[in-house]
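Participant: What would the 3D arrangement of this be:
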Amino acid sequence: MILLLSIMLFFVPVRIKYMGGGDWYNDPEILPNLMKELKIRVKSIDVSEEQVVLSLDDDRIFNYPFLFITGHGNIRLSQKEIENLRKYLYGGGFLYIDDDYGLDKFIRRELKRVFPDKKLEKVPFSHPIYHMFYDFPTGLPKIHEHYKGPPEGYGIFIDGRLAVFYTYNTNISDGWTDRHNDPPEKMEQAFRMGVNIILYALMY
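Facilitator: Numbers count the residues shown, from 1 in each chain. Below you'll find the model as predicted:
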């Protein structure tokens, strides 16, 4: 454990709904479950287990520090959503995206529309997001075997800050629910990485 927060915070995550045909709503309990774990593990954060769902063209996203996207299929952002997301991220907001198998080619396309001058970069294992509260010296844990090979963490950086974190070939968020019958050790790794992601979003 590297970091302990001493300031009381009230944290509410936001799940993003989107158009295009992908199932943005799958496993609706994943964020509430992660919040329950965060409340137990990090006593200095006052956590809401309320599920807030917004679209990116809703200006209320600017009231929240953390946005979450997942799904299996297509995602298509409107011009208003692109403009809002770009403004949100340049303003200090954080977006976490977890590929739930089948999202990859679509989210890469949409991120290129949001940031035509930037590209997804592999996040080095030395990055703070892997060491905020729990230590992951070799990067992401692999929760589900969607593809052969190691899990991969990508990011978009704004002025040196990781503003978008995208996890591929691991499906961290599936480990935040018990509906997939994951072994306890896999779920524990998923929750630990989830705690790190939240803490990074709040601290940077």
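Participant: CA only for contacts and neighbour counts going forward, please
Facilitator: Noted.
Participant: Give me the residues contacting the longest helix belonging to the chain.
Facilitator: When the chain is scanned for its longest helix (criterion: DSSP state H), the result is helix 184-203. Contact partners of helix 184-203, identified using C-alpha atoms under 8 Å, 6 or more residues apart in numbering, comprise 34, 37-38, 65-66, 93-94, 96, 128-134, 140-141, 143, 172-173, 175-177.
Participant: Now do the same for the residue nearest to the spatial centre of the chain: its pLDDT.
Facilitator: Residue closest to the mean C-alpha point of the chain, counted by C-alpha atoms, centre = their mean, is Tyr96 at 2.4 Å. Tyr96 carries a pLDDT value of 98.
Participant: thinking again about what came up before, okay, the longest helix of the chain in PDB with CA atoms only?
Facilitator: What follows is helix 184-203, C-alpha atoms only, in PDB (Å, rounded to 0.1, in the frame of the first residue of the first chain):
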ATOM      1  CA  PRO A 184     -12.400 -15.400  -5.500                       C
ATOM      2  CA  GLU A 185      -8.700 -14.600  -6.300                       C
ATOM      3  CA  LYS A 186      -9.700 -13.300  -9.700                       C
ATOM      4  CA  MET A 187     -12.400 -11.100  -8.300                       C
ATOM      5  CA  GLU A 188     -10.000  -9.800  -5.600                       C
ATOM      6  CA  GLN A 189      -7.500  -8.800  -8.300                       C
ATOM      7  CA  ALA A 190     -10.300  -7.100 -10.300                       C
ATOM      8  CA  PHE A 191     -11.400  -5.100  -7.200                       C
ATOM      9  CA  ARG A 192      -7.800  -4.100  -6.300                       C
ATOM     10  CA  MET A 193      -7.200  -2.800  -9.800                       C
ATOM     11  CA  GLY A 194     -10.600  -1.000  -9.700                       C
ATOM     12  CA  VAL A 195      -9.600   0.700  -6.500                       C
ATOM     13  CA  ASN A 196      -6.300   1.900  -8.100                       C
ATOM     14  CA  ILE A 197      -8.200   3.300 -11.100                       C
ATOM     15  CA  ILE A 198     -10.600   5.200  -8.900                       C
ATOM     16  CA  LEU A 199      -7.900   6.600  -6.700                       C
ATOM     17  CA  TYR A 200      -5.800   7.700  -9.700                       C
ATOM     18  CA  ALA A 201      -8.900   9.500 -11.100                       C
ATOM     19  CA  LEU A 202      -9.400  11.400  -7.800                       C
ATOM     20  CA  MET A 203      -5.700  12.300  -7.200                       C
END
